[in-house]
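**Q** Quick one: sequence plus predicted model below, questions after.
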Protein chains: 2
Amino acid sequence: MDYDKQSEILKILGHPIRLKMVEGLMNNECNVNKIMEVLNIPQSTASQHLGKLKSAGVLVSRKEGVRICYKVADKQVRDIMKILQG
Amino acid sequence: MDYDKQSEILKILGHPIRLKMVEGLMNNECNVNKIMEVLNIPQSTASQHLGKLKSAGVLVSRKEGVRICYKVADKQVRDIMKILQG
DNA sequence: TCCTTATATTCAAATATTACGATATTACAA
DNA sequence: TTGTAATATCGTAATATTTGAATATAAGGA
């Protein structure tokens, strides 16, 4: 196991806002504005958390005009989320 | 899902030393001295990481004379580890 | 008792993370 | 163009985490 890499992913998931984001993006694609509204957090906060998740490879993004749509990319993360959901 | 609780567990697992500890304690019970030797880290560092894992409910400990033996307690954590191991 | 071993706790410095306002960038529409 | 909406990035203060030496505690043996 690559401990540095795997622990990095767990650490990134280990924040309540990011965990909510990832759960919400498991089945739906969603743009930043919607995400910040749903989670009721400032735009820069939303953007930064999404940025971290993307850097870690958890999410991927797609441009759609002005909007940026995020969704879960990582199979392993998907499996972990299923476990957390019970 | 309890986001605070679940993200807390992921955060605790999200450290390379702690991830190594948990993996090593999946199948074997082990005392602190052995753990610090195997991981080649100072005693206080080992003890603190083990303390965090125990506080989070990831590990349980058992007294055996002077020794304290740790092992993985949490079923969910066990499942997550299996995913990480591929 | 005194010594030794095993473990936990305390403390402080170094480092990392988080939050969010302010500012920059980008795309599109008027 | 100019304006506006969507997103990213910057700056930075507040907070949290990590590390390891020093110290405390606890158990067993001589």
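**A** Everything's here; your move.

**Q** In the helix or strand hosting residue A:78, which residues are buried?
**A** Using DSSP states H and E, residue A:78 sits in helix A:75-84. Residues of helix A:75-84 classed as buried: A:77, A:80-81, A:83-84 (neighbour count, 16 or more other CB atoms under 10 Å in any protein chain shown). All C-beta atoms are positioned from the backbone trio N, CA, C, and that covers glycine.

**Q** Flag every residue of chain A that's near chain B.
**A** Residues of chain A lying close to chain B (CB under 8 Å from any CB of the partner chain) are A:1, A:3-4, A:6-16, A:18-20, A:23, A:76, A:79-80, A:83-86.

**Q** Just the buried ones among the residues you listed, please.
**A** With neighbours counted by 16+ other CB under 10 Å, the residues of chain A next to chain B contain buried members at A:6-16, A:18-20, A:23, A:80, A:83-84.

**Q** near DNA strand C, which residues of chain A show up?
**A** A:11, A:14-15, A:17, A:41-45, A:48-49, A:52, A:63, A:65-66 (CB under 7 Å from any atom of the strand).

**Q** you'd agree residue A:39 is up against residue A:49?
**A** No: between residue A:39 and residue A:49 there is no contact under CB atoms under 8 Å: 9.0 Å.

**Q** more crowded one of these two?
**A** Legend: neighbour count by other CB atoms under 10 Å in any protein chain shown for residue A:39 and residue A:49, higher for residue A:49 (22 against 15).
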